[in-house]
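Student: Quick one: sequence plus predicted model below, questions after.
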Amino acid sequence: MYTPVSSKAPFIWHGGDYNPEQWSSDVWQEDFRLMKKAGITAATVGVFSWVSLQPDEDTFTFEWLDEVIAGLHENGIKVVLATPTAAQPAWMSQKYPEVMRSDEYGIRKAHGRRVNYCPSSTVYRQFSAQIARKLAERYKDHPALILWHVSNEYGGTCMCETCAEHFREWLRARYGMLDELNARWWTRFWGHTYTDWSQIMPPLANGEVLTHGLNVDYMRFMTDTQLACFVNERDVLREITPDIPITTNMMGSYKPLNYRKWAKEVDVISWDSYPRPNQSVGEIAFAHDLNRGLKDGQPFLLLEQTPSSQNWQAVNALKRPGVLRRWSYLAVAHGADSVMYFQWRRGRGGCEKYHGAIIEHAGREDTRVFREVSQIGAELNRLGDAIVGARTPARIAVLLDWESWWALDEAVGPMRDKRYVPTVSKHYNALYNLHLPVDIVFPDSDFSQYDILIAPQYYMVKPGVAEKIEAMVASGGTFVTTHLSGMVDETDLACENGYPGPLQKVTGVWVEEIDALYEDQTNTIEMAHSEKSYTCGRLADIVRPQTAEVVATYGSDFYAGQPVVTRNVFGEGQAYYIGSDPEIAFLEYLYRSIADRYDLQPVLGVPQGVEVTLRQKENKGFLFILNHNDQQADVALPDGIYTDLLTGKQWSDTLTIDAGDVAIVTASD
Amino acid sequence: MYTPVSSKAPFIWHGGDYNPEQWSSDVWQEDFRLMKKAGITAATVGVFSWVSLQPDEDTFTFEWLDEVIAGLHENGIKVVLATPTAAQPAWMSQKYPEVMRSDEYGIRKAHGRRVNYCPSSTVYRQFSAQIARKLAERYKDHPALILWHVSNEYGGTCMCETCAEHFREWLRARYGMLDELNARWWTRFWGHTYTDWSQIMPPLANGEVLTHGLNVDYMRFMTDTQLACFVNERDVLREITPDIPITTNMMGSYKPLNYRKWAKEVDVISWDSYPRPNQSVGEIAFAHDLNRGLKDGQPFLLLEQTPSSQNWQAVNALKRPGVLRRWSYLAVAHGADSVMYFQWRRGRGGCEKYHGAIIEHAGREDTRVFREVSQIGAELNRLGDAIVGARTPARIAVLLDWESWWALDEAVGPMRDKRYVPTVSKHYNALYNLHLPVDIVFPDSDFSQYDILIAPQYYMVKPGVAEKIEAMVASGGTFVTTHLSGMVDETDLACENGYPGPLQKVTGVWVEEIDALYEDQTNTIEMAHSEKSYTCGRLADIVRPQTAEVVATYGSDFYAGQPVVTRNVFGEGQAYYIGSDPEIAFLEYLYRSIADRYDLQPVLGVPQGVEVTLRQKENKGFLFILNHNDQQADVALPDGIYTDLLTGKQWSDTLTIDAGDVAIVTASD
Amino acid sequence: MYTPVSSKAPFIWHGGDYNPEQWSSDVWQEDFRLMKKAGITAATVGVFSWVSLQPDEDTFTFEWLDEVIAGLHENGIKVVLATPTAAQPAWMSQKYPEVMRSDEYGIRKAHGRRVNYCPSSTVYRQFSAQIARKLAERYKDHPALILWHVSNEYGGTCMCETCAEHFREWLRARYGMLDELNARWWTRFWGHTYTDWSQIMPPLANGEVLTHGLNVDYMRFMTDTQLACFVNERDVLREITPDIPITTNMMGSYKPLNYRKWAKEVDVISWDSYPRPNQSVGEIAFAHDLNRGLKDGQPFLLLEQTPSSQNWQAVNALKRPGVLRRWSYLAVAHGADSVMYFQWRRGRGGCEKYHGAIIEHAGREDTRVFREVSQIGAELNRLGDAIVGARTPARIAVLLDWESWWALDEAVGPMRDKRYVPTVSKHYNALYNLHLPVDIVFPDSDFSQYDILIAPQYYMVKPGVAEKIEAMVASGGTFVTTHLSGMVDETDLACENGYPGPLQKVTGVWVEEIDALYEDQTNTIEMAHSEKSYTCGRLADIVRPQTAEVVATYGSDFYAGQPVVTRNVFGEGQAYYIGSDPEIAFLEYLYRSIADRYDLQPVLGVPQGVEVTLRQKENKGFLFILNHNDQQADVALPDGIYTDLLTGKQWSDTLTIDAGDVAIVTASD
């Protein structure tokens, strides 16, 4: 039941992006030698190779790619084969200008950059299906081929006339009648009623950007349209190679694309992890758990990370010694079945020539980065298939919803900066700090498997979801939600009976007013049944409990003494409402106390900064012990003898882990 | 002689914007019930209803509006009827694209938002006159109709080819000969001489934006052109309903439109007051006095204010309890004959769905906001017609001039940020802090009725104004002006004989140089005849007194000891020149001492933060006592018995006013 | 051998921009009177006069200019005659729209502003050559004419289709084959390979801006194209007036134009010096030395500086008393043979009406500015031809390279803000603080004449330059370079063998990694052979010495103890590599110790803030003693009697110089 992504490669893949077309073939031989030395087992090729494979409309040049794939295969390296469709060739843009994207003013862009094609373009879709077919037919039986990597980092938006036309069709299908669209978009406001479908335009920057129903629908349309580009290629590949899994590399909490929808169309989730150099480990873990959640816990692939530094940040600090290794195992701990890098060899030109690579411009192997990568390669080789496909169990879920994010960011008021993802991440991080495993879930997820469901700023509640939450709570679960929740329906209309709309029943409150605090203002959360006090800020709901009890009250302002946190007993369970944005210490306090109700405990008791994460497979548990601190730590083990799969070392009672080190231990049989 | 705006509604109107077309008719009945409960006496309808009244070029649908107006009338609510022309229907933009506005690059915008019509468009003007005529003919005899509200918040600019053509005609009318235009715009600079009228373009962002005469003339043209749109509708309305007054809602110190010109065309000034949540009371009072000044002291209408919060600020804090009531009476104290809100009921969609409303999305009446509004309603009902039409006398005037503002902001040097309105407001606030009543005046006002005229940064002095000032001073008045005054003539040419140009005679100084100080730099104002010292900054004129005496000198820098404040005796009066930007304490000191010369005193002696403002009518005085502080205050009353019109309570000797409370007292007969 | 710019004017010119066409002829007479009074000896006329000289395509109106030039000549004032081609007349833009420039989106701008012509336009080139010819033919024999001033402040960029076409031709000439272009631009990256020349576009903002080879080549093309406009006019002028020198006014470290290339085409360097009011003297000196370096030490002309304030800064502070004079002699000390101003008389309109002028709007001569200018005029008259043409010897060179600047700013990573010129200036200023004379040199300069060559952030090392550096070092010189050096070749391809590329041999190091530090992070430079420690930051190379010895190591972080500064003995000389950005105190320490090796000493021993700079002519030395401090200073003179040429005063042993004062002393014969 725990199957690897590819039966041809039943191990944690180690590799990365490889762009051999940028180099002469003598460099390829050196690459193969060095890849083997570094323990590379998989290489992603073909990304952006369109013009190299199809230099004009009628010519195809696969010979160089044949040679590269053969070379990789001969050296024991598996191939992740990309379709090259993320950047159309210049000849295509020149001959068929409609393949180029238009900007937010509806003005066609010039050729260049990447992901600069109109996703509604028939020409683009035909050409991309054609090149996918050519690739599939040519390499379908190649023993090295383990994964299709369709295009690259889909994203952005297009507002050309073709997209406008497709959008109108999409709207007709959604709303049927124009009257219905007018009603759902509330177009009587400012006299914006459409009297003909042809009057509807994308939200052009110099046109209608204030009809939020339109804006949110355009984001939905754009997600669907780009997804259709993926499906267009996928269907060709699947037809020809039904046994080769298909993915496309995602970008974490990337706003323009609703990846939860995409997840249903890919065989395996894969993503590119580029935290800022100074990002916290908890935030990185959040992103991995988000990706694991996209397919409901199925392991994912880490397709890209930098082996040393990024290049496009304002300041591109190096990963400190050991960080690459520890963050690689962090990914694996949270569900990754691969450790891959962008890029193998730094290109000499182009805008990513200073992005980190395993082989830098000096072309040397006597470097810190090469040694660190090689160590990971050796360790993954030792690990074999032990943890491939293992799952990461969790009883607590945090909800993230792309459509709430879109609608919230469009909302004008009560405060400009909504901070949706940072807020979700803050709640996640409170649990991370408590060493409690968490799943990221979505409105269409099965909530019944969790004890606790947390939905911060869950702004747009679509039909049926409140009922699912009620059922989960009624049967004993705990639901937590906050300010800015339950405010609009699925077409961004404010809830008729006030906030939190359909969540009023389960939370037992309604919100009379929402105050907004300036950056330098705070209030406090005064606990009703203790002396405890916490700061809060940004927004302050004036909460009217209906059936809920008051857990905490505001400490100041004209609503001092009025409820800020409430708890509603509902069936066998309970629902909390948090009316303001608390400091994380409050969330840690609250979530620890709720977890007690379900006797949820950390996997192991460890000091702050040491992480212990469990992956499980066929009743076998693998404990990932990551020491993020810069001092040694002692970790008390449960009874038994444990083996560190990275070193083969055996531990019992107490495992001592060096500063920055990693261990993957499992109970000895 | 003190007549109400409408003889049909001789009371302080209480009401606001009502958009029934967004709701079904069963909601209307609930609205009428709640309006009566809240003491609403006037509703503004029809704003943005164009497409609801004219769904296509040949169809008119007034039936719903008939029903709404009938319902309001039946419930005793008067109607402010808007022409819906602030947002043309989509069908119009689609069929006649020239009705859409062009941006600052001359590129036509897409349909959407609002105030997005070309003000020069013949099509727009024909359609807007037509709908105004239809409305007037249909409702001309309706007993509920008390005011025409033409369009909504005119503003912005258009730079399309039609506007360019009209601009050239406007220029021909102004300058006659192209040579004259070239001379007045100083086009020899950078070789910009026009050799044909057709070469003149609006100040397109990617074209000629550095010919300041052109820029200022384009602002004049745009004010005139939009005003012509107003007059176009007004004339139709006036023809059909000569007895119904006509207004359009203004926006206070809104730069693009010279409201002083507009004031001459409206029957009554009305405006929408949206201070930032953290704006000072003095700044709000300044805005009301500006509106009262536009028609030389005639009472104005407060047509919009939020009952709770705005939604388009970065942070939209709630009005604290009592603030709505106190700020409403603040408006009345400064000359408003109405207390109205935007909006009655929050729409469920659109970009203002989180703007404050009397009825929020929950649709409830058991809210703080509803209670506060209802209290105001009850009080205004009690007030009746007592203060309607009453005047607010003042002996001190502060000058504001839109054209100086425009020209100053265009000027490159001596400092980028000119802060024209904040500077005028600072001088106003010095007087406000001294509890001295002030009128805001304009270059074409009658100065002779004032003891003191203050003209800060009065940059562009047009022909005849200096002479009016000289006359006012010669007959005993005091004139005060500052740095950045008298620098250019009416076509933005620098004054030939130096600064302050035509104000040199009355001030008795010339300015040799202007120094500019960095944000963190200051100088001091050292009083010549005392030990007093004040800080100043931003700009520092090096002032050369001719006939003036030195009042204060700079304390530091290479011009230490040189004059910063001078006083020139001129005829029976005097003129002050302030060469730098002083702290407000200096202005308070200076204006207190000047006021002594005329024995000008506060209406009552009150502590800081308590405001007493007088409205007078037929020799009866109404004292508005506003306690802006958060503690109770005692106010010493003149001899006699005083009745608080809001409570009926009587006071003598000392009136005690609660924190945040308001009283309107008048001597008992 | 030391010849003046013009034999007709063998003195330090004193004058500035004069725009008589903005004024009536009676003002001209007043101008001449005041010019003589102020000691003005040269006036620049004709800048921007195109429409005044050619009001339509077929009409020329030189009569007014005849009169002006005659008037100047009669009053003993020489004429710098500008071609008026920096702003084409409106009629030309109207009739030939292709003369207008396009913006970075390829969209044609509207007429207006200045330098708004397409430099590739045939029409523009024909008209500009025609007007240059007319001017030259008319005034070729005029005795007052001393210099041609072609156009004005060339700059900016154009991305129109004409430029695109010319760019493709330029590229064909450079690369010959499209394959070669693809290889040098590394277009395989992101699939950007061109398959036809016609696919190449300028780096349009909405198109291909990430192919850095393209971007750098476009900057080269744009420099060449604008230079061709200059040469187009110059060749006409030279043909008709072979004895009149020709220049165009440059703008110092102005990024878009590679002035080193321009220097080869002008007869004399001239430039406009506009430091920020709060800029340091060392930074101003750096700019002058840069201009002197452009023609390898030949004296240059200071054509513009403000006599009082600028107007286009955010804050335009006045030059304090004495600053104009001291900064004027600072220019002369560093190689200027003129002291000229923008502008003679403030225009009454236009965007520079508040720029400083000798005659302000008041039109008065009893002003501080007029007095200061007049003093300079009198002093320059006294100086006569004494120092005209004198040279400024230096044994130390600092390298500045426009193409490294361009490429570095395009580079994405390792840190966004490269600070190229500030870094070069910082190294220069360390030497300035040590009172050591410096030449600014360029990659094509002769390095062999220097003891020390410093090349900070010398990013793009073109073929042959490393060899020149090696030769200079081998024969005993010292070379210093830093992080961000030697990273790319001439087409912006990263060096194949790592950094610092071709400088590895002479420096004896290679760089394994580059760390980037956040703004608030620092490291330290710990000297190997002393207790000294200095801070450093921004970037930190991890340096691997090959043949170099370690001079200093990092004090912290994971590379603590690893080299940050190295020294490589190479032949008779040595080469330093500085891996991080040190505080200036380190550079002062290092450069003082290197200077010791060559026994380089300040011209005179003086306290900080007092500058002594030497100009030499025919074995006669002129010491410019500038007291930038606000207290008097004593300067110890060498043996002998010295005469101050400004005052005639004689000094021996010790010269006492007042706060802010200037002396130019020479040994008495």
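Tutor: All right, it came through fine.

Student: Are we agreed that residue A:303 is in a strand?
Tutor: Yes. Using DSSP: H, G, I helix; E, B strand; the rest coil, the secondary structure at residue A:303 is a strand.

Student: for the helix or strand harbouring residue A:51, packing partners?
Tutor: Using DSSP states H and E, residue A:51 sits in helix A:50-53. Applying 3 or more CB pairs under 8 Å, 6 or more residues apart in numbering or on different chains; DSSP states H and E, we find helix A:50-53 packed against helix A:63-74, helix A:122-139. Quick note: C-beta positions are derived from backbone N, CA and C, even for glycine.

Student: Could you rerun that using 7 Å?
Tutor: Secondary-structure packing of helix A:50-53 (3 or more CB pairs under 7 Å, 6 or more residues apart in numbering or on different chains; DSSP states H and E): no helix or strand packs against it.

Student: List the buried residues in it.
Tutor: Neighbour-count burial for helix A:50-53 flags A:50-53 (criterion: 16 or more other CB atoms under 10 Å in any protein chain shown).

Student: which residues does residue A:606 contact?
Tutor: Contact analysis of residue A:606 by CB atoms under 7 Å, 6 or more residues apart in numbering or on different chains lists A:435, A:612, A:635.

Student: switch the cut-off to 10 Å
Tutor: A:435, A:612, A:625-627, A:633-636, A:657 (CB atoms under 10 Å, 6 or more residues apart in numbering or on different chains).

Student: Show me where the stretch 551-669 of chain A has its strands.
Tutor: For the stretch 551-669 of chain A, strands defined by DSSP state E, counting those that start in this stretch occupy the ranges A:563-570, A:573-578, A:580-582, A:610-617, A:620-627, A:633-644, A:650-657, A:662-667.

Student: Adding distance to residue B:529, write those strands out as CSV.
Tutor: Below are those laid out as CSV (distance: least, CB to CB, whole Å):
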stretch, distance to residue B:529
strand A:563-570, 58
strand A:573-578, 63
strand A:580-582, 56
strand A:610-617, 74
strand A:620-627, 75
strand A:633-644, 75
strand A:650-657, 79
strand A:662-667, 80
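
Student: Would you mind saying which of those strands lies nearest residue B:318?
Tutor: Between residue B:318 and those, the tightest spacing by CB to CB is seen for strand A:580-582, at 13.5 Å.

Student: touching chain C at all, stretch A:29-48?
Tutor: Yes. Residues of stretch A:29-48 are located near chain C by CB under 10 Å from any CB of the partner chain, namely A:47-48.

Student: quick one: the residue nearest to the spatial centre of chain A from residue A:421, how far?
Tutor: Nearest to the geometric centre of chain A sits residue A:252, at 2.5 Å (CA atoms, centre = their mean). Separation of residue A:252 from residue A:421 (CB to CB, to the nearest Å): 9 Å.

Student: again with residue A:45
Tutor: If you go by CB to CB, the gap between residue A:45 and residue A:421 works out to 33 Å.

Student: residues of the longest helix along chain A that come out buried?
Tutor: Under DSSP state H, the helix in chain A containing the largest number of residues is helix A:212-240. The neighbour-count check on helix A:212-240 (16+ other CB under 10 Å) flags A:212-223, A:225-227, A:229-234, A:236-238, A:240 as buried.

Student: do stretch A:564-575 as well
Tutor: Buried, per 16+ other CB under 10 Å, within stretch A:564-575: A:564-568, A:570, A:573-575.

Student: Can you tell me which of those residues is nearest chain C?
Tutor: Here the nearest of the buried residues of stretch A:564-575 to chain C, counting by CB to the nearest CB, is residue A:564; it sits at 35.0 Å.

Student: residues touching that closest one, list them.
Tutor: Contacts of residue A:564 by CB under 10 Å, 6+ apart are A:483, A:523-526, A:534, A:536, A:540-543, A:550-555, A:577-580, A:582, A:586.

Student: swap the cut-off to 6 Å and go again
Tutor: Under the criterion of CB atoms under 6 Å, 6 or more residues apart in numbering or on different chains, the contact list for residue A:564 reads A:525, A:552-554, A:579-580.

Student: so what's residue A:396 up against?
Tutor: Contact analysis of residue A:396 by CB under 6 Å, 6+ apart lists A:436, A:438, A:452.

Student: Run through the stretch 301-450 of chain A and note the low-pLDDT ranges.
Tutor: Along the stretch 301-450 of chain A, no part satisfies pLDDT under 70.

Student: Run a quick neighbour tally on the residue of it found nearest chain B.
Tutor: Nearest residue of the stretch 301-450 of chain A to chain B, counting by CB to the nearest CB: residue A:413, 2.9 Å away. Residues lying near residue A:413 (other CB atoms under 10 Å in any protein chain shown) number 20.

Student: That one against residue B:353, yeah?
Tutor: No. Assessed by CB atoms under 6 Å, residue A:413 is found out of contact with residue B:353, at 7.9 Å.

Student: Chain A against chain B: which residues are in contact?
Tutor: Residues of chain A found near chain B (CB under 6 Å from any CB of the partner chain) are A:186, A:188-191, A:193-195, A:199, A:201, A:204, A:206-208, A:210, A:213, A:412-416, A:493-494, A:498, A:512-513, A:515-516, A:518, A:558.

Student: Now, these that are in helices?
Tutor: residue A:213.

Student: Can you pull out the low-pLDDT segments for the stretch 51-200 of chain A?
Tutor: For the stretch 51-200 of chain A, counting by pLDDT under 70, not a single residue falls below.

Student: OK, now which residue of the stretch 451-600 of chain A is nearest to chain C?
Tutor: Sorted by distance to chain C under CB to the nearest CB, the residues of the stretch 451-600 of chain A start with residue A:519, at 20.3 Å.
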